[in-house]
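*Asks:* Provide a 3D model corresponding to the input given below.
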Amino acid sequence: MKKYLAIDQGTTSSRAIIFNSSLEPIADSQEEYSLSYPKDGWVEANPHEILNTVNNSIKNVLNQVSENITSCGITNQRETTIVWSKDTGEPIYPAIIWQDRRTDDLCKSLKAQGHEEMIKQKTGLVLDPYFSATKIQWILNNVPNARKRAESGELLFGTVDSFLIFNLSKQKNHMTDVTNASRTMLFNINNMSWDKDLLDLFDIPFSMMPEVNSCDGDFGTLNLNDININGVIGDQQSALVGQNCINYGDMKSTYGTGCFLMVNTKEKLVRSQDGLLTTVAYTLNNETNYALEGSIYSCGNIIQWLRDKMEFFASAKESELFLNSNGESGNVHFLPAFNGLGAPYWNSDIRGGFQGITQSSDKKDFVTAAFKSICYQTKDIIKSLNNKEIFINDLLVDGGMTSNSTFCQLLSDSLEVDISKPSNIESTALGACVVSQISGGVALADIKNKLDKKFISNEENLSFYKSDYRAWKKYVESSITNLKEK
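*Replies:* Here you go, the predicted structure:
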């Protein structure tokens, strides 16, 4: 039986999993790394630390299963920006993580100059610090000699996939795939190429940009064990493939560090006026599919904050003990905005908080309110999809948070939809495996995911959640209004 190596490089950890040809994991290794927050709204990581955790994870699984590895697929956190020396491979600045908001003023200036609609038409994205373009510009403008070196062809840019390919491949390839390219705000999704107008707008030399390949392309050979890298795909698109969402209207929602709901729109470029992103779903077998996506900045990192900073519980699993299954939180609501809000608000200035705290409020109220804020952000996105005549009765979910059954039921009740969870909730890694299989000739339609459990929406809670969602929504919108009036 063939075996496939999947590298899953995430926001706070790196993972390597070896799957067999039946998509069953047979070896697994994961290693966390730290993020730093130098200033309000800034989020960084050490690129060497990212690379080391990837290397360690790969070595650990290859020590368990070292023979007959057919190929390797890579999936990664998107938008995170690294600039490094073409000659030495040395990064010139820490990785600026996708959550980082330092370029908000630049984005506001570009909006005021009237560039937002052009950017949206070319890239499908909103003009926001979330994406890579303004991060690259910030590095070039703020790191000594960076712009001069870039203009002389000495520097390379890449999202994390490109940085890994450059460092892990024998050929030192400088490559990316179409999904990661589509998240830079520099890639034209209409003609599938780097866009000169956008590169000029953000003052970024073309020489810095990686070669763009299809998801099932040839990206080189791993330094370890001569394994071919035959698949690269951004993490949320990878989860879409891992969940077998290959037909028009198929959708999934991934609950990791952030939350990302994505629906496959096949060859149609569906444009949204409600804060959803139009993006590339994948290019496989020379066919490009597009998607609509709702992006939420804070999800699993909320639970991590409750664990590490607030010390409400010792482990993420223990959080389930403090989550009221009926959704009651004593009228306490949480604003999940550590680094602003994503879809549909796209507000970089707002920050998190609790509302409705009284002397009777307890730990369960805070934890339940935090979990509900994740559910309600998902509800916001679903309402935006409904405005595009896209409706769901059954939502496929994945990501680490879905191991919490109480949360899944809470999600089902608050969204008023049934929730289906796969047997392997690590759909991002699974998608990377699937893409590498497709490169070897396996048909996408023949790859099926196995469902583990279904959560049925409880109609008895319908009235409570509708009222509670309205109260939460009012809190969020009033917070944004109050901020604008300052």
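*Asks:* how about the strands of the stretch 151-300 of the chain, start to end?
*Replies:* With DSSP state E, counting those that start in this stretch, the ranges of strands along the stretch 151-300 of the chain come out as 155-158, 175-177, 187-188, 193-194, 211-213, 229-234, 251-255, 259-266, 277-284, 287-296.
*Asks:* looking at the ones you listed, which one is packed in the most?
*Replies:* When neighbours are counted by mean count of other CB atoms under 10 Å, the highest per-stretch mean among these falls to strand 229-234, a mean of 30. C-beta: built from backbone N, CA, C; applies to glycine.
*Asks:* state the mean pLDDT of it.
*Replies:* Mean pLDDT, strand 229-234: 95.
*Asks:* list the helices and strands that strand packs on?
*Replies:* Helices and strands touching strand 229-234, by 3 or more CB pairs under 8 Å, 6 or more residues apart in numbering; DSSP states H and E, are strand 69-76, helix 160-168, strand 175-177, helix 178-181, helix 427-439.
*Asks:* include mean pLDDT and distance to residue 108 when you put those into CSV, please.
*Replies:* Converted to CSV, the helices and strands packed on strand 229-234 look like this (pLDDT from 0 to 100; distance: least, CB to CB, whole Å):
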stretch, mean pLDDT, distance to residue 108
strand 69-76, 93, 29
helix 160-168, 97, 27
strand 175-177, 97, 28
helix 178-181, 97, 25
helix 427-439, 88, 32
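*Asks:* show me the one of these that comes nearest residue 403.
*Replies:* For these, distance to residue 403 was read as CB to CB. The smallest value, 12.7 Å, belongs to helix 427-439.
*Asks:* mind putting the strands of the stretch 151-300 of the chain in CSV, distance to residue 50 included?
*Replies:* Compiled in CSV, those are given as follows (distance: least, CB to CB, whole Å):
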stretch, distance to residue 50
strand 155-158, 12
strand 175-177, 16
strand 187-188, 23
strand 193-194, 24
strand 211-213, 21
strand 229-234, 16
strand 251-255, 20
strand 259-266, 20
strand 277-284, 23
strand 287-296, 21
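*Asks:* now for these, which one comes closest to residue 115?
*Replies:* Proximity to residue 115, assessed across the strands of the stretch 151-300 of the chain by CB to CB, is greatest for strand 187-188 (14.6 Å).
*Asks:* adjacent strands (with direction) for that closest one?
*Replies:* Using DSSP bridges, strand 187-188 pairs in its sheet with strand 193-194 (antiparallel).
*Asks:* what's the host helix or strand of residue 304 packed up against?
*Replies:* Secondary-structure element containing residue 304, defined by DSSP states H and E: helix 300-308. If contacts are counted by 3+ CB pairs under 8 Å, 6+ apart, helix 300-308 sits against helix 363-386.
*Asks:* turn the helices and strands packed on strand 229-234 into TSV, columns for distance to residue 113.
*Replies:* Converted to TSV, these look like this (distance: least, CB to CB, whole Å):
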stretch	distance to residue 113
strand 69-76	32
helix 160-168	29
strand 175-177	28
helix 178-181	25
helix 427-439	37
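*Asks:* am I right that residue 469 is in contact with residue 376?
*Replies:* Yes. If you go by CB atoms under 8 Å, residue 469 and residue 376 touch, sitting 5.5 Å apart.
*Asks:* quick check: neighbours shared by the two?
*Replies:* In terms of CB atoms under 8 Å, 6 or more residues apart in numbering, residue 469 and residue 376 are both contacted by the residues residue 414.
*Asks:* report how many residues lie close to residue 207.
*Replies:* 14 (other CB atoms under 10 Å).
*Asks:* quick one: contacts for it?
*Replies:* If you count contacts by CB under 8 Å, 6+ apart, then residue 207 has 150, 153 around it.
*Asks:* check the gap between it and residue 193 for me.
*Replies:* 15 Å (CB to CB, to the nearest Å).
*Asks:* again with residue 158
*Replies:* Distance from residue 158 to residue 193, counting by CB to CB: 17 Å.
*Asks:* do the same with residue 411
*Replies:* To residue 193, residue 411 is 39 Å away according to CB to CB.
*Asks:* repeat for residue 456
*Replies:* In this structure, residue 456 and residue 193 are separated by 46 Å, where distance is defined by CB to CB.
*Asks:* same question, residue 79
*Replies:* The gap separating residue 79 from residue 193 is 19 Å, by CB to CB.
*Asks:* next: residue 417.
*Replies:* In this structure, residue 417 lies at 38 Å from residue 193, with CB to CB as the measure.
*Asks:* just for the stretch 201-350 of the chain, where's the confidence low?
*Replies:* Residue ranges of the stretch 201-350 of the chain with pLDDT under 70: none are present.
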